[in-house]
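S.K.: the following block contains a protein sequence and its predicted model.
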Amino acid sequence: TRTANEDGERGRRTRTTATATRTTMASGAPAGPPGRPSSQLQDGRPDDWEQVENRPWAATRNRERSKCLGKDFVKHHNLVPMYWYWSPSRRLLRGQATFPFDVEGPPGRAHGASIAMVFDEVLAYPVWRLIEEKYGMGVTANLSVSYKAALPLGDTVEFECRLDKVDGRKWFVSSDLYKIGDPKTVYAKGTALFIAPRGSLAKMGRKYFLPKSML
């Protein structure tokens with residue numbers, strides 16, 4: 001039989017643990033980077049997955065070169081922490097995103113705008129890695145999100161992003177956001193059209209921000 005003091009101490013520990021969990025989730029700090037996805041793709045291609053950085057031009061070390069003026073919307077606020085892996089041979093981006101308590105929409109669910117933000121980011125990366133250097137990067141011309149199921153708040157999910165077609169300066173890409181380890185449980189699908197502007201963003205090209213080993 002537990003005493004009142006034991007019940008009180010147990011309740012205190014429970015509340016402390018819950019508070020710590022909420023604080024961790026609200027701060028947007030996942031436990032650590034996910035494992036490299038090579039073991040999940042038995043396609044006979046080389047194991048060339050590399051962990052990559054989102055928006056390297058907006059990092060503090062690069063802001064002077066890239067002429068950034070304000071606080072980067074994605075990197076500064078880090079509302080949805082992400083880990084990214086790129087396979088050059090597959091031309092494929094995979095990774096994970098955590099939707100913390102700061103991005104609540106419907107009670108207990110992630111806001112649709114936070115999901116759209118993730119798609120805008122991950123869909124841009126294959127374009128940046130593959131586009132001709134004379135363009136530097138592509139800009140979003142159209143973004144379409146199809147929401148398939150409510151995404152539980154606090155969950156970490158996986159994404160996969162691929163290049164579908166190139167038509168001159170137009171780049172078409174698509175991505176899925178799904179439950180970890182279960183690609184059939186899809187929360188949302190995203191497609192986008194990126195346009196390569198004529199020379200205006202040439203200095204944003206990957207040669208300025210990627211290690212030589214990745215070029």
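M.R.: That came through, no problem. Small disclaimer: the values here were computed from a predicted structure and weren't measured.

S.K.: show me where the protein has strands.
M.R.: Using DSSP state E, the strands found in the chain span residues 50-52, 82-87, 92-98, 139-147, 156-167, 170-179, 182-195.

S.K.: pLDDT score assigned to the most centrally placed residue in the chain?
M.R.: The centroid of the chain falls nearest to M82 when counting by Cα atoms, centre = their mean (4.2 Å). M82 is assigned 93 on the pLDDT scale.

S.K.: and it, what does it touch?
M.R.: 54, 95-98, 118, 121-122 (Cβ atoms under 8 Å, 6 or more residues apart in numbering). (C-beta placed from N, C-alpha, C; glycine too.)

S.K.: same thing but 6 Å
M.R.: Residues in contact with M82, defined by Cβ atoms under 6 Å, 6 or more residues apart in numbering, are 95, 97.

S.K.: and for the one 4 residues further on?
M.R.: Residues in contact with W86, defined by Cβ under 6 Å, 6+ apart, are 50, 52, 93.

S.K.: bridging residues for the residue lying closest to it once chain neighbours are set aside?
M.R.: Spatial nearest neighbour of W86, chain neighbours left out: V52 (4.7 Å); criterion: Cβ to Cβ, 6 or more residues apart in numbering. Beta-bridge pairing of V52 under DSSP bridges involves W84.

S.K.: count of neighbours near V52?
M.R.: 17 (other Cβ atoms under 10 Å).

S.K.: low-confidence ranges, the protein, go.
M.R.: Where the chain drops to pLDDT under 70, the residues are 1-43, 199-200.

S.K.: tell me how far the residue nearest to W86 lies from K179.
M.R.: 23 Å (Cβ to Cβ, to the nearest Å).

S.K.: one more: W128?
M.R.: 27 Å.

S.K.: more crowded one of those two?
M.R.: Legend: neighbour count by other Cβ under 10 Å for W128 and K179, higher for W128 (23 against 17).
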